[in-house]
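**Q** For reference, the sequence and a predicted model appear below.
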Amino acid sequence: MSSAPLTPSFSRRRFLGSAALAAAPLILPARLFGATAPSNRLRIGQIGAGRIARGHDMVNVIGSNLADIVAVCDVDRQRALAGQTLVDEIRTEQRIAGPAPEVSVHDHHDEILARTDIDAVVISTPEHWHAELVLAALYAGKDVYVQKPITLTHAEGILVREAERVTGRILQVGSQQRSWKQFREGVALVRAGRIGKIRAVEIGLPIDPTDFDEPPMPIPAGLDYDRWLGPAPMAYYTEQRVHPQDGYDRPGWLRNEAFTLGMITGWGSHHFDIAHWGMDLDLSGPTGLHGWATFPTNRIWNVHNAYEVQLTYPGDIQMTVSDQLPNGVRWIGDEGWIWVSRWRQEATTGAGTEEEPRRLNVLDASDKALLDLSTLPEPVPSIASHHINWLESVKSREAPLATAAIGHRSNAACILSWIAMKLARPLRWDATAERFIDDDEANAMLSRPERAGYGANHFMAHRNEARA
C-alpha cells in the first residue's frame, strides 16, 4: 500500500477548484457592499420549474439560508405558477426566518436577465436549452448554477467555457457528487497515490428503455411549445416527448436525442467528472475511443440502450464505460482499487476477473486499509452542499467546485463516447485542439444545426451584431 503524500497539484486550493477560473475580472453584486453586507441574501432567478428544479435546485437554494428566489420562469405557465407557490412552501417547511420575498412569474428568461435586482440565476431546463441560457445569463452579468450536463454539444461547451472566462462570472455546473463526502474522500485517496499508478478506470451507467410512440396531442394551454423546442427540430407535440402535464414524474425528453444524448451524458457527466478528478485530468480528455451501442429506430424515445465504450487517457490509462458495470467509478492501480458510488450495491469486485458478488459500500476498496484517511497529509475539506458552495462563491468571488472549464471537459468525454457509440469504429482525439484527428465525419458530430431564431450560435451572432 502506498503512503505517498498528496502531490503538489493536489493542494487544498486546487482540490476546491480555484485554479480552474482564469484571470478575468471578478465582479461583486453591488447590493452586497456596505456595513450590512454579511446579512444580505442573494436574489436568485429560477429558470425552469420542473422536476429537477422543484426536487433539487429550488429547495437547496432556499434552504441554504444564503439566498432568496425572487423570480420563477418557465415556458409552461402552469409550472411557473406552481414554482411561485413552491417558494413559500419550502420557506415554511424549512422554517426560513425573515420576511418572504415577493416572487414574480415570467414566461421569458430575458425578463429575469434584464432585472438589476437579481444577482444570479439557476438554470434547470432540458439540456438543449442550457447553452443559450447560460450564455445569455453570463453576458447579462449574472452568476449561474446550471444543471448538468453543461451543454448538449461539444461546440456549445467551448462557447460557454469562453464566456465564463471573459465575463469573470461565477458558474457552477450541477455535478453535485463533487460535494458529497464519499466522492471527495475517494478522489483524495486516489490522488494521494493510495493505489499506486492508475492503470484502468471502470464507470458503470444505467440505460433507458424505449417504448412505442404516442400519437399527436393538442398543445396544452399555457405551454409555449415552439419555445420549449427552441433550437431542436420541429416535431409534433405529445406529452411523451415533453413533460407530464399532471405532476412531475420523469419527463419524456430525457429519452429523445433532440434534447439529450441519454444516460451517457445524463449519468455519465457525473461519473466522468469524478473519474477525471481522481485521475488529475480535469482539464484534459481521452486520446482515443472505440465503442458500440444499440439505438432504437423510428421512436420518440431513441436514446441508446446497451453499450460499451473503451477510452484511452494520457499515461496509457484504459477506461471502460458500460451498462454492464455497477453504477459508480472504480480506479484500478498497481496496488489495488478504490470504488465510489452513491449507494451500496451488489457487484463483483475484480478488475476484469470473475469473483463472487459482494456488497460494495459507497466508498470501498480491494483492501480496507486503502481507505484510511488518517494517514493523509491533510484532512479532506468538507462541503455543506453543492448549492451552498456556489452561493458562497458568488459572495467570495472564488471559483466553485465545478466551473465551466471543468464541466465542459467531463461532458466532452461523454459526448465523445456517444460519437464513438454512433460510429462504432476507433477514433483518435486531440485533447488540446479538441478535434478528432483526420476524421471529418466525427468532427461534424461535435455540433448540430439550430432551428432558426434559437440556440447558442444564434445568441452569439445576435450579440455580436448588437455590439457592432
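**A** Arrived safely, thanks for sending. Note that the structure is predicted; figures quoted are calculated from it, not measured.
**Q** Could you pull up the contacting residues of the residue lying closest to residue 67 once chain neighbours are set aside?
**A** The shortest distance from residue 67 to any non-neighbouring residue, by Cβ to Cβ, 6 or more residues apart in numbering, is to residue 42 (4.0 Å). (Glycine included, C-beta is placed from N, CA and C.) Counting by Cβ atoms under 8 Å, 6 or more residues apart in numbering, residue 42 touches 29, 32, 66, 67, 68, 119, 120, 391, 394, 395.
**Q** buried set for whichever strand or helix holds the last one?
**A** Pointing back at residue 395 there. Using DSSP states H and E, residue 395 falls within helix 386-396. Neighbour counts over helix 386-396 (16 or more other Cβ atoms under 10 Å) mark 386, 387, 388, 389, 390, 391, 392, 393, 394, 395 as buried.
**Q** Equivalent analysis for stretch 303-318, please.
**A** 303, 304, 305, 307, 308, 309, 310, 311, 312, 313, 317.
**Q** Relative to residue 222, which of these is nearest.
**A** Distance to residue 222 across the buried residues of stretch 303-318 (Cβ to Cβ) is lowest for residue 303, with 27.7 Å.
**Q** and the closest one, helix, strand or coil?
**A** Taken by DSSP: H, G, I helix; E, B strand; the rest coil, the conformation at residue 303 corresponds to coil.
**Q** Go through the contacts of residue 42 and flag which are in helices.
**A** Those of these mapping onto helices are 391, 394, 395, per DSSP state H.
**Q** separation between the last one and residue 66?
**A** In other words, residue 395. Going from residue 395 to residue 66 by Cβ to Cβ, to the nearest Å gives 8 Å.
**Q** Mind giving me the ChimeraX command for buried ones among the contacts of residue 42?
**A** Of these, the buried ones go into a single ChimeraX selection, burial set by 16+ other Cβ under 10 Å:
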select :29,66,67,68,119,120,391,394,395
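**Q** Now, the contacts of residue 42 that are in strands?
**A** 67, 68, 120 (DSSP state E).
**Q** Can I get those in JSON lines including pLDDT and distance to residue 229?
**A** Below are the ones in strands among the contacts of residue 42 laid out as JSON lines (pLDDT from 0 to 100; distance: Cβ to Cβ, whole Å):
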{"residue": "67", "pLDDT": "97", "distance to residue 229": "31"}
{"residue": "68", "pLDDT": "97", "distance to residue 229": "32"}
{"residue": "120", "pLDDT": "98", "distance to residue 229": "27"}
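**Q** Turn these into CSV, columns for distance to residue 287.
**A** Formatted as CSV, the ones in strands among the contacts of residue 42 follow (distance: Cβ to Cβ, whole Å):
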residue, distance to residue 287
67, 41
68, 46
120, 37
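**Q** any idea which of the buried residues of stretch 303-318 is closest to residue 403?
**A** For the buried residues of stretch 303-318, the nearest to residue 403 is residue 313 (20.6 Å; Cβ to Cβ).
**Q** those helices in the stretch 301-450 of the chain, which residues are they?
**A** Ranges of helices within the stretch 301-450 of the chain are 386-396, 404-423, 440-444, based on DSSP state H, counting those that start in this stretch.
**Q** Please convert those helices to CSV, extending it with distance to residue 430 and mean pLDDT.
**A** Listed next are the helices of the stretch 301-450 of the chain as CSV, based on distance: least, Cβ to Cβ, whole Å; pLDDT from 0 to 100:
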stretch, distance to residue 430, mean pLDDT
helix 386-396, 32, 98
helix 404-423, 11, 98
helix 440-444, 10, 98
